[in-house]
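*Asks:* return atomic coordinates for the entry below.
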Amino acid sequence: MGTKAQGGSKKASKNKISSKENEEVDRMYKGEAQPERGTVVHIQKETKVPLGDEPHRLREDIIGSFGMADAMSFINRRRSVFRYEVAGSSSRLKRESIMMVRLIKLNVNRALRINARGELNNLRYILTSPTDLSLDVLLRKYPKMDNGSISHILLETFTCLKELHSTRCAHFDVQPSSFALKKDDKKTFLFVKLGFAVQLSKESSRPTTTYEGGNRRYASRRAHTDQLRGRADDFESFAFMAYEIVHMEKLPWWKEADDRMVQYMKWTFIRTLDTKKDDSCRIVAVIAENAYSCSRTNSDKIEAAIMDVLAHWAMKHKGEPLAWEK
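*Replies:* The predicted model follows:
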């Protein structure tokens, strides 16, 4: 389900992401969702299909065992996102819809709303509220962002994570493609992927399941051995994501195929961080230091410390136009 973490070269100059590699990354982000192009097409794009109480037009081919596509209502022209999986192939979509409903009931505003759900052509589906650009697309579209935009992204995405944690859940798939801008709102980010999120046990604040995915590139150190700690794993994944966004280069283990070596590189990652280069690099180092020192007994303090650092950084750039608003 998840992909193996991919390692990187030793020289920083070779860590820059090319456009071709970005396309590969995009396919990989969807990789757990999107199959190879040779797979049979379940529904062709522009096909009129009954979804919920009204007919919709799907704007993309529906391919493979899991994925998503834009859908447009024929009646009121309302746009939605059609998320699907082959019936019997997995339970990820079911878990995702359960988590979305749970967050709605708990008044969490950082997740999508479900408009309809059902089955069609041996596919389970849910229709969710639409979003604007996903974070991974945004980062490729604006590869050289200023610190004001970067600080805003990190504060917004960590706020999503904090709200999810407040419901005694952990995400276990923190990566750029798990977030997107809210529709008609250029500042607010939402969770768009919750398929691996789980509720934590009340006794120990530990997950009730072993690690199932998402992307191993951002997975915590202990996820490789199924020794999960809950929120601590999300903090580590967030630190890895922050490193890529700030440094605009791949994580050191990008192309490393040996899972044991990836684990080793993640354990020693904190020693490689440069705290003297500039303010943004120092912020990443502080996030990583807090994430790596998190345990099940101090997770509240760690979360507050990271939030405080990000809020102060974003405050320095308050009022500056964001890269995608210019």
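*Asks:* going forward, measure contacts between C-alpha atoms and count neighbours the same way
*Replies:* OK.
*Asks:* so where do the helices sit in the stretch 201-326 of the chain?
*Replies:* All helices of the stretch 201-326 of the chain, identified by DSSP state H, counting those that start in this stretch, fall at 231-247, 259-267, 279-292, 299-316.
*Asks:* would you mind finding the most buried of these?
*Replies:* Mean neighbour count, computed with mean count of other Cα atoms under 10 Å, is highest for helix 231-247 among these, reaching a mean of 24.
*Asks:* can you give the domain ranges for the protein?
*Replies:* Domain assignment for the chain by automatic domain parsing gives 41-130, 132-316.
*Asks:* average pLDDT for the last one?
*Replies:* If you average the pLDDT over domain 132-316, you get 88.
*Asks:* now do the same end-to-end measure for that domain.
*Replies:* Taking Cα to Cα, to the nearest Å as the measure, domain 132-316 stretches 26 Å from start to finish.
*Asks:* number the chain from 185, please
*Replies:* Understood, numbering begins at 185; the last thing we discussed is domain 316-500.
*Asks:* centre of the chain to it, how far?
*Replies:* 9 Å (Cα atoms, centre = their mean, to the nearest Å).
*Asks:* closest to residue 261 out of the helices of the stretch 385-510 of the chain?
*Replies:* Among those, helix 415-431 comes nearest to residue 261, with 35.6 Å by Cα to Cα.
*Asks:* ok so, going back, will you turn the domains of the chain into CSV that also has distance to residue 507?
*Replies:* CSV is the format used below for the domains of the chain (distance: least, Cα to Cα, whole Å):
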stretch, distance to residue 507
domain 225-314, 22
domain 316-500, 6
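*Asks:* would you list the helices of the stretch 385-510 of the chain in a markdown table and tack on distance to residue 402?
*Replies:* Converted to a markdown table, the helices of the stretch 385-510 of the chain look like this (distance: least, Cα to Cα, whole Å):
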| stretch | distance to residue 402 |
| --- | --- |
| helix 415-431 | 5 |
| helix 443-451 | 10 |
| helix 463-476 | 13 |
| helix 483-500 | 18 |
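*Asks:* so which of those is nearest residue 334?
*Replies:* helix 415-431 (6.8 Å).
*Asks:* now the strands: where do they sit in the stretch 335-484 of the chain?
*Replies:* Under the criterion DSSP state E, counting those that start in this stretch, the stretch 335-484 of the chain carries strands at the ranges 353-354, 363-366, 373-375, 382-383.
*Asks:* relative to residue 231, which of the helices of the stretch 385-510 of the chain is closest?
*Replies:* Distance to residue 231, taken as Cα to Cα, is lowest for helix 415-431 among the helices of the stretch 385-510 of the chain, at 37.2 Å.
*Asks:* number of nearby residues for the residue nearest to residue 473 when sequence neighbours are not counted?
*Replies:* Nearest non-adjacent residue to residue 473, counting by Cα to Cα, 6 or more residues apart in numbering: residue 454, 6.9 Å away. For residue 454, the tally of surrounding residues (other Cα atoms under 10 Å) stands at 18.
*Asks:* got the contact list for residue 454?
*Replies:* By Cα atoms under 8 Å, 6 or more residues apart in numbering, the contact list for residue 454 reads 469, 472, 473.
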